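Student: give me a model of this one.
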Amino acid sequence: MFLGIDIGTSGVKAILVERGGDVVGAATAPLELSTPQPGWAEQDPETWWDATVVAVRELLAKVPSAKVESIGLSGQMH
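Tutor: Numbering: from 1, shown residues only. Prediction:
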């Protein structure tokens, strides 16, 4: 199976995909966005890691037989 991780502004999403392309599980861990001033948007990068760990652990608990062959990662562009 393949593990996909997307680090977005509102949360980290993790999915497991079989070789044929079918999604066999998904999990999301929320993130908070700080806007201390107009036009500002901030996040602590440590929270990205923490949310990634939460999402991946939740996902693997749903599909305990998963054997991850590779990992794909996408993240915020800012």
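Student: pLDDT below threshold where in this protein?
Tutor: The chain contains residues with pLDDT under 70 at 77-78.
Student: what ranges do the strands span in it?
Tutor: 2-7, 11-17, 23-30, 70-74 (DSSP state E).
Student: residue 44: how many residues sit nearby?
Tutor: The tally of other residues near residue 44 (other Cβ atoms under 10 Å) stands at 11. All C-beta spots, glycine's among them, are computed from the backbone N, C-alpha and C.
Student: so how far is residue 1 from it?
Tutor: Going from residue 44 to residue 1 by Cβ to Cβ, to the nearest Å gives 31 Å.
Student: residue 34 now?
Tutor: Distance, residue 34 to residue 1, using Cβ to Cβ: 35 Å.
Student: and those two? Which one has more around it.
Tutor: Neighbour comparison, residue 34 and residue 1: the larger count goes to residue 1, with 18 against 10 (by other Cβ under 10 Å).
Student: that one and residue 24 touch, don't they?
Tutor: Yes - Residue 1 is within contact range of residue 24, at 6.8 Å (criterion: Cβ atoms under 8 Å).
Student: which residues do the two both contact?
Tutor: Listed as contacting both residue 1 and residue 24 by Cβ atoms under 8 Å, 6 or more residues apart in numbering are 16, 17, 18, 63, 66.
Student: what about burial for the residues you listed, which qualify?
Tutor: The neighbour-count test (16 or more other Cβ atoms under 10 Å) marks 16, 17, 66 as buried among those.
Student: and of the residues you listed, the nearest to residue 55?
Tutor: residue 16 (11.3 Å; Cβ to Cβ).
Student: which residues touch the closest one?
Tutor: Contact analysis of residue 16 by Cβ under 8 Å, 6+ apart lists 1, 2, 3, 4, 23, 24, 25, 26, 59, 63, 66, 68.
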